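Chemist: The following block contains a protein sequence and its predicted model.
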Amino acid sequence: MARGRKLIAGNWKMNGLRADGAALAEAIGARAKAGSARCDLLVCPPATIVDVVGKALAGSVVALGGQDCAPAEKGAFTGDISAEMLKDAGCAYVILGHSERRHGHGESDAQVRAKVAAAWRAGLVAILCVGETRAEREAGREVAVVSGQLSGAIPGGVAANKLVIAYEPVWAIGTGLTPTLADITTVHAVIRDNIPAGTRILYGGSVNPANAREILSLAEVDGALVGGASLKADDFWAIAEACP
Ligand code: 13P
């Protein structure tokens, strides 16, 4: 089935001080202005530099996103950042349920669900990450795990323009390993059966300039969520250019 424009999203994780972030954003923004990107572009910097990155991207087509948000709008939640604060800082998207938060911070599907609801309340598009661990993959449980994460973390009232799913197998993140193209297609097709028609499904996990073209050529793949390679403007741009 023919689909719309792909989305190439950079998850900068906990990388970047003000100067580095501004330089990276300017380099990406300049490429996006000079070439006509065939895809939609998004960068998700650390919260401390969302503002500076937003200013560096001003006037470009590159959108801005956060990497997490709290369920509540405001109040006594030391260290947390609300979806409304991200929106106020210029974000249009927020990554939620990343495996580094599920596994590193013990976030449950119920907590992720509350965060997705918060993103929608603030008018942000939620990028909901799902994916199995290596042990779950070896046990042949990837479809069950991903289906459970979708049903557990997507609130009522879902619509395609409020949600992006990122399929990120935990064992593929930062390892240089990727599933086979057939395995990506299989899991994306299962995800597609569980979400509203037209919802984008990104693949994430060791996407780089060398493997982007074959992954992004899959009809089931609506874009990529890129970690390490999004920290170099040339590599991020090469991945964007690999969109068919
Ligand atoms: P890498 O691209 O570094 O494997 O990270 C993927 C990721 O976690 C994006 O959210």
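Modeler: The structure has been received and is ready for your questions. Quantities reported herein were computed from a predicted structural model and do not represent experimental measurements.
Chemist: what's the neighbour count on whichever residue of the chain sits closest to the ligand?
Modeler: Using C-beta to the nearest ligand atom, the single residue of the chain nearest to the ligand is Gly227, 2.2 Å away. Just so you know, the C-beta spots here come from the backbone N, C-alpha and C atoms, and that holds for glycine as well. Burial of Gly227 is recorded as 21 neighbouring residues (other C-beta atoms under 10 Å).
Chemist: do Asn208 as well
Modeler: Asn208 sits with 19 neighbouring residues when counted by other C-beta under 10 Å.
Chemist: what residues are up against it?
Modeler: By C-beta atoms under 8 Å, 6 or more residues apart in numbering, the contact list for Asn208 reads Gly228, Ala229, Asp235, Ile239.
Chemist: That one looks like it's in a strand, true?
Modeler: No. According to DSSP: H, G, I helix; E, B strand; the rest coil, Asn208 belongs to no strand; its state is coil.
Chemist: Quick one: distance of the longest helix along the chain to the chain centre.
Modeler: Determined from DSSP state H, the single longest helix within the chain is helix 18-34. The gap between where helix 18-34 is centred and where its chain is centred comes out at 19 Å by C-alpha atoms, centre = their mean, to the nearest Å.
Chemist: ok, and what's touching the helix or strand following that helix?
Modeler: Heading C-terminal from helix 18-34, the first helix or strand you meet, by DSSP states H and E, is strand 40-44. Defining contact as C-beta under 8 Å, 6+ apart, one finds that strand 40-44 is touched by 5-12, 24-25, 28, 32, 53, 57, 61-67, 92-95, 223, 230, 240.
Chemist: List the buried residues in the helix or strand just after strand 40-44.
Modeler: Of the helices and strands lying after strand 40-44 in sequence (DSSP H and E), the nearest is helix 50-56. For helix 50-56, the neighbour count (16 or more other C-beta atoms under 10 Å) marks Val50, Asp51, Val52, Val53, Gly54, Ala56 as buried.
Chemist: give the contact list for the fifth one.
Modeler: For Gly54, the contacting residues are Leu64, Ala89, Gly90, taking C-beta under 8 Å, 6+ apart as the criterion.
Chemist: 6 Å instead?
Modeler: Residues in contact with Gly54 (C-beta atoms under 6 Å, 6 or more residues apart in numbering) are Leu64, Gly90.
Chemist: do the second one as well
Modeler: Shown in contact with Asp51 (C-beta under 6 Å, 6+ apart): Ala89.
Chemist: Doesn't Ala197 lie inside a strand?
Modeler: No. Counting by three-state DSSP, Ala197 is not found in a strand; it is coil.
Chemist: count of neighbours near the closest residue to it other than its chain neighbours?
Modeler: Of all residues not flanking Ala197 in the chain, Ala160 sits nearest, at 6.6 Å (C-beta to C-beta, 6 or more residues apart in numbering). Counted with other C-beta under 10 Å, the neighbours of Ala160 add up to 12.
Chemist: Quick check, Ala160 in contact with Arg192.
Modeler: No. Applying C-beta atoms under 6 Å as the test, Ala160 and Arg192 come out as separate, 11.0 Å apart.
Chemist: hang on, the earlier thing: which residues touch the residue of the chain closest to the ligand?
Modeler: Residues near Gly227 by C-beta under 6 Å, 6+ apart: Asn11.
Chemist: and it, what pLDDT?
Modeler: Gly227 is assigned a pLDDT of 98 by the prediction.
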